[in-house]
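Trainee: Let's see this in three dimensions:
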Amino acid sequence: MADVVLQGLENLKRNMRALPKNIRKRVARKALRKGAEPIVNSAISRAVSQFQGEGYMAGFIKQKPGRGRSLVVQQIGVEGGGKKSSQYPYYWRFLEFGTSKMPARPFMRPAFEGNKRIAMDIIIRETKAGALKEVNKMKKR
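Mentor: Okay, the predicted model is just below:
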């Protein structure tokens, strides 16, 4: 799993801390969901173009909320993960990471690396807009 750490943006951090925890999490979830979209779309298009006969797998590339105690987490991956089942394309990990007999042909990692700046810009923009919207709602009460 790849992590991105946000530094700077002290004003935004301060404004987010001023919001109640439930509202802060709602704003962060929405921003992360929107920020993950370019990465998901890129992974889907890479999977379709790299593995022409494997369009089936592209339909399983999804994002979902992750679990974190105090953090808001958004996971991007292939649905079903590593479950060996006819319902899910379990072979994605062989394509992404390779095997002892097959070289890796990654599609998820390049999607992340190529879109992480765009995703961060969207997350920052959406967080600012969401925080401002919630602050204005609170002022009206």
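
Trainee: For the rest of this, base every contact and every neighbour count on C-alpha atoms.
Mentor: Noted.

Trainee: From Ala104, how far out is the spatially most central residue of the chain?
Mentor: When the chain is reduced to its mean C-alpha position, the nearest residue by CA atoms, centre = their mean turns out to be Ala36, at 3.6 Å. When distances are taken as CA to CA, to the nearest Å, Ala36 and Ala104 turn out to be 24 Å apart.

Trainee: what's the answer for Arg33, then?
Mentor: According to CA to CA, Arg33 stands 28 Å off from Ala104.

Trainee: Name the helix or strand of the protein that has the lowest mean pLDDT.
Mentor: Of all the helices and strands that make up the chain, helix 55-58 has the lowest average by mean pLDDT, DSSP states H and E, namely a mean of 74.

Trainee: Please name every helix or strand in contact with that helix.
Mentor: Using 3 or more CA pairs under 8 Å, 6 or more residues apart in numbering; DSSP states H and E as the contact definition, the elements that helix 55-58 packs against are helix 21-50.

Trainee: Perfect, that will be all.
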